[in-house]
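>>> My questions concern the predicted model and sequence given below.
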2 protein chains.
Amino acid sequence: MRLPSIPNFDQAAAQKAAHRQDHLTKPQGSLGRLESLSVQLAGMTGRERPRFARKVVIVMAADHGVALEGVSAYPVEVTAQMVENIARNGAAVSVLARQNQARVVVVDIGVAKDVSSLAGVLHRKVAAGSANMLKGPALTHAQAEQAIMVGMQVLDEQAARGLDLVALGEMGIGNTTPASAITAVLTGLPVKEVTGRGTGLDDTGLQNKIQVIEAAIRLNQPDPSNALDVLAKVGGLDIAGLTGVIIASAARRIPVVVDGFISGAAALLAAGLRPEVKPYLIASHLSVEAGHTAICKKLALEPLLDLRMRLGEGSGAVLAFPIIEGAARILDEMATFEEAGVSRND
Amino acid sequence: MRLPSIPNFDQAAAQKAAHRQDHLTKPQGSLGRLESLSVQLAGMTGRERPRFARKVVIVMAADHGVALEGVSAYPVEVTAQMVENIARNGAAVSVLARQNQARVVVVDIGVAKDVSSLAGVLHRKVAAGSANMLKGPALTHAQAEQAIMVGMQVLDEQAARGLDLVALGEMGIGNTTPASAITAVLTGLPVKEVTGRGTGLDDTGLQNKIQVIEAAIRLNQPDPSNALDVLAKVGGLDIAGLTGVIIASAARRIPVVVDGFISGAAALLAAGLRPEVKPYLIASHLSVEAGHTAICKKLALEPLLDLRMRLGEGSGAVLAFPIIEGAARILDEMATFEEAGVSRND
């Protein structure tokens, strides 16, 4: 698999942004994380005063063979139904993207049902869902690589249309199960510490889910030092697609807004394949899912929001867009002490 | 002082909104605080599906006699300079309001300097700053009442132009000192627990500030059971104006977005004068200022954001506008399971 090289974080641009922040008409540091975020954005983009007018949320949709094992509160057909709902602008991510003037790109990268006749969907199916990881690897290495390539290609197509900021979204009934498996393998934490209720399992369902994940890891023996192996054995096509989006976005210096737990697992994998992507990641919100905290810790990410959300689709990532844009606008548009003739402190 | 009556929170509208939330195409509760916030907004406005197109941030500007006591890192002339900066759209609140399509109304309710020739400022000066509370009451009861009336009038004028959502802002060098004094008196907490570094005091400055506040409270003996007395003796004109804005806004069922510590102190006072305002308050962010946590606890408010900000001006309140609008849009625009033909969980 050929992956693009990732440019270094631009320290010079970040320093210029930090210098400018210290001359804007406010006490130094008084805008807290808006200031540090603006400096990060400058270093990511290589621009002293970046702007984020052109935004997209890429929603990778796929089914998961393991969903047959009773790991989700919803039936499998909901993946295809929700893809249609997103394509028709009725989903949460549709509403929030419209509010924030972001494009929504929903990609069938592995939905079980044939949705090829649906308009408003990007048809890039790698397989009709992953295999059941309780019986063997979820994906072949070739499928995993192909799905990563699809993600990279989708990002490149969006970049060709003009793109300043990308949010990661996903839709796939059962996909907290591979996300927990990936998180357990790549953080080394026990499965039960990184497994939650997903869309709403009860206690019995949660216990079953934990056992399924433990069994799948035992059976498949994913190699923690090989992110592609982990992705193939206990991952899924939606997560693979997002992994590709992250890598291609970082290669172009486009900041990547991670949503919650599933896209966080993709970020873990992307950082495993290409550690240089890490400076390009922004954590939008802290998910209620137990494993998300572990991912943020591992990647040294501090989420911007904590609103007890756990929907996915990219909803939390898009919700953070105005904060990211606000940070950039503050840096770009505020007057300096000199410009405004305001006295400084001594 | 004649204060308007405040309508009750509309339980029926809130229940309708909660019912609608439970039919939208997402697992129940998966949008966390966006869901509960949307229900609150319905109860505040009395509308099952409220919208917030018309927004304003009202920035009350005033000076404080106590600023002579070395309680601020910035010189007093900065109040007038920053009023001009806001009027010319160069301040942080100007930038964030522009981003979020909100009107900015900056009110000279008590700036020491004569700024009557400044365009883009609402000239409603009650006095050229408050008196030094270390020597006697900051305001007379008549001044405090007049400033509350100014705030109510400004809100009513904005409502006449069309208004769905109001953010509280302020500008006044030294105004964390009256805010700490008010918070100490109305929460009963020791001054040192509710006093912070404001725009950037060092340790010596902070100790001095605490002593000044303690001495002012000892001298003036504000009556904790009488919010007007507290406002007059250890408050200020900016805070009084915001108190009026809150009351007039709640009277019209317009949700009030509290910024940080100073506007939080105004919320404490408004709730002291008219406890019925409480259901109309939304806490936008948790300020770094020590006393703000105590205010949120006292008013049972949970801030939406925690970005380590401490600027004031209404910057945090305006930054929360898109989250509030997002919550309302989710409620209004998302498809229901029935509309989208999506299967429910059992």
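Alright, I've got the coordinates. Numbers count the residues shown, from 1 in each chain, chains lettered A, B, ... in the order given.
>>> contacting residues around the residue of the stretch 101-250 of chain A found nearest chain B?
Closest residue of the stretch 101-250 of chain A to chain B, C-beta to the nearest C-beta: residue A:199 (4.1 Å). Where you see a C-beta, it was placed from the backbone N, CA and C, and this is true even at glycine. Shown in contact with residue A:199 (C-beta atoms under 8 Å, 6 or more residues apart in numbering or on different chains): A:72, A:73, A:74, A:173, A:176, A:310, B:27, B:30, B:345.
>>> What count of nearby residues applies to the residue of the stretch 51-200 of chain A found nearest chain B?
Residue nearest to chain B within the stretch 51-200 of chain A: residue A:90 (2.9 Å; C-beta to the nearest C-beta). Close neighbours of residue A:90, defined as other C-beta atoms under 10 Å in any protein chain shown, add up to 20.
>>> and it, helix, strand or coil?
Look at residue A:90: counting by DSSP: H, G, I helix; E, B strand; the rest coil, its state is coil.
>>> give the contact list for the nearest residue to it once chain neighbours are set aside.
With sequence-adjacent residues excluded and distances taken as C-beta to C-beta, 6 or more residues apart in numbering or on different chains, residue A:90 is closest to residue B:335, at 2.9 Å. The neighbours of residue B:335, taking C-beta under 8 Å, 6+ apart as the test, are A:85, A:88, A:90, A:91, B:24, B:25, B:342.
>>> same question, residue A:331
Residue A:331 neighbours (C-beta under 8 Å, 6+ apart): A:17, A:20, A:21, A:24, A:38, A:41, A:42, A:49, A:50.
>>> Same check on residue A:257?
A:165, A:166, A:167, A:168, A:282, A:284, A:317, A:318, A:320, A:321, A:324.
>>> Mind doing that once more with 6 Å?
Residues near residue A:257 by C-beta atoms under 6 Å, 6 or more residues apart in numbering or on different chains: A:167, A:282, A:284, A:317.
>>> now, which of the residues you listed lie within helices?
Cross-referencing these against helices under DSSP state H gives residue A:317.
>>> Chain B contacts on the stretch 101-250 of chain A?
Counting by C-beta under 6 Å from any C-beta of the partner chain, the stretch 101-250 of chain A comes close to chain B at A:199, A:200.
>>> Could I have the CA atoms of the helix or strand hosting residue A:144 written out in CSV?
Using DSSP states H and E, residue A:144 sits in helix A:141-160. Output in CSV follows, covering the C-alpha atoms of helix A:141-160 (Å, rounded to 0.1, in the frame of the first residue of the first chain):
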residue,chain,number,x,y,z
HIS,A,141,-5.6,-7.2,4.1
ALA,A,142,-6.5,-6.5,0.5
GLN,A,143,-10.0,-5.3,1.5
ALA,A,144,-8.6,-3.1,4.3
GLU,A,145,-6.1,-1.5,1.9
GLN,A,146,-8.7,-1.0,-0.7
ALA,A,147,-11.0,0.7,1.8
ILE,A,148,-8.2,3.0,3.0
MET,A,149,-7.6,3.9,-0.7
VAL,A,150,-11.3,4.7,-1.1
GLY,A,151,-11.0,7.1,1.8
MET,A,152,-7.9,8.8,0.4
GLN,A,153,-9.6,9.1,-3.0
VAL,A,154,-12.8,10.6,-1.5
LEU,A,155,-10.7,13.2,0.4
ASP,A,156,-8.7,14.0,-2.7
GLU,A,157,-11.9,14.5,-4.7
GLN,A,158,-13.2,16.9,-2.0
ALA,A,159,-10.0,18.7,-1.9
ALA,A,160,-10.2,19.3,-5.7
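>>> Give the other helices and strands that it contacts.
Identification of packing neighbours for helix A:141-160 by 3 or more C-beta pairs under 6 Å, 6 or more residues apart in numbering or on different chains; DSSP states H and E yields strand A:102-110, helix A:227-234, helix A:237-251.
>>> And the contacts of the longest one?
Pointing back at helix A:237-251 there. Residues contacting helix A:237-251 (C-beta under 6 Å, 6+ apart): A:3-4, A:6, A:58, A:60, A:62, A:109-110, A:126, A:130, A:144, A:147-148, A:150-152, A:155-156, A:166, A:168, A:170, A:172, A:175, A:231, A:256, A:263, A:265-266, A:269-270, A:274, A:277, A:280.
>>> Got a PyMOL select line for the buried ones in those?
Buried residues among these (16 or more other C-beta atoms under 10 Å in any protein chain shown), as a PyMOL selection:
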select buried, chain A and resi 3+6+58+60+62+109+110+126+130+144+147+148+150+151+152+155+156+166+168+170+172+175+231+256+263+265+266+269+270+274+277+280
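>>> quick one: low-confidence parts of chain A?
A:346 (pLDDT under 70).
>>> what about the strands in it?
When assigned using DSSP state E, the strands of chain A occupy the ranges A:55-62, A:102-110, A:122-123, A:165-171, A:256-258, A:281-283.
>>> before we move on, the earlier item: please indicate which of the contacts of residue B:335 has the highest neighbour count?
residue A:91 (31 neighbours).
>>> That one and residue A:83 touch, don't they?
No. Residue A:91 is beyond contact range of residue A:83, at 9.2 Å (criterion: C-beta atoms under 6 Å).
>>> got the domain boundaries for chain A?
Split into domains by automatic domain parsing, chain A comes to A:11-50+A:329-340, A:55-323.
>>> picking up where we left off before, deepest of the helices and strands packed on helix A:141-160, which one?
Scoring the helices and strands packed on helix A:141-160 by mean neighbour count under mean count of other C-beta atoms under 10 Å in any protein chain shown gives helix A:237-251 as the most buried, with a mean of 31.
>>> Okay, angle between that one and strand A:165-171 too, please.
With axes from the mean of the first three to the mean of the last three C-alpha atoms, to 10 degrees applied, the angle from helix A:237-251 to strand A:165-171 works out at 170 degrees.
>>> then helix A:237-251 to PDB, C-alphas only?
In PDB, the C-alpha atoms belonging to helix A:237-251 read as follows (Å, rounded to 0.1, in the frame of the first residue of the first chain):
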ATOM      1  CA  LEU A 237     -14.800  -0.900   6.100                       C
ATOM      2  CA  ASP A 238     -16.300   2.400   7.500                       C
ATOM      3  CA  ILE A 239     -13.300   2.700   9.900                       C
ATOM      4  CA  ALA A 240     -10.900   1.800   7.200                       C
ATOM      5  CA  GLY A 241     -12.300   4.500   4.900                       C
ATOM      6  CA  LEU A 242     -12.000   7.100   7.600                       C
ATOM      7  CA  THR A 243      -8.400   6.000   8.200                       C
ATOM      8  CA  GLY A 244      -7.700   6.900   4.600                       C
ATOM      9  CA  VAL A 245      -9.500  10.200   4.900                       C
ATOM     10  CA  ILE A 246      -7.300  11.200   7.800                       C
ATOM     11  CA  ILE A 247      -4.000  10.300   6.000                       C
ATOM     12  CA  ALA A 248      -4.900  12.000   2.800                       C
ATOM     13  CA  SER A 249      -6.100  15.100   4.700                       C
ATOM     14  CA  ALA A 250      -3.000  15.400   6.700                       C
ATOM     15  CA  ALA A 251      -0.900  15.000   3.500                       C
END
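>>> Could you give the separation of it from the chain centroid?
Distance of helix A:237-251 from the chain centroid (C-alpha atoms, centre = their mean, to the nearest Å) equals 8 Å.
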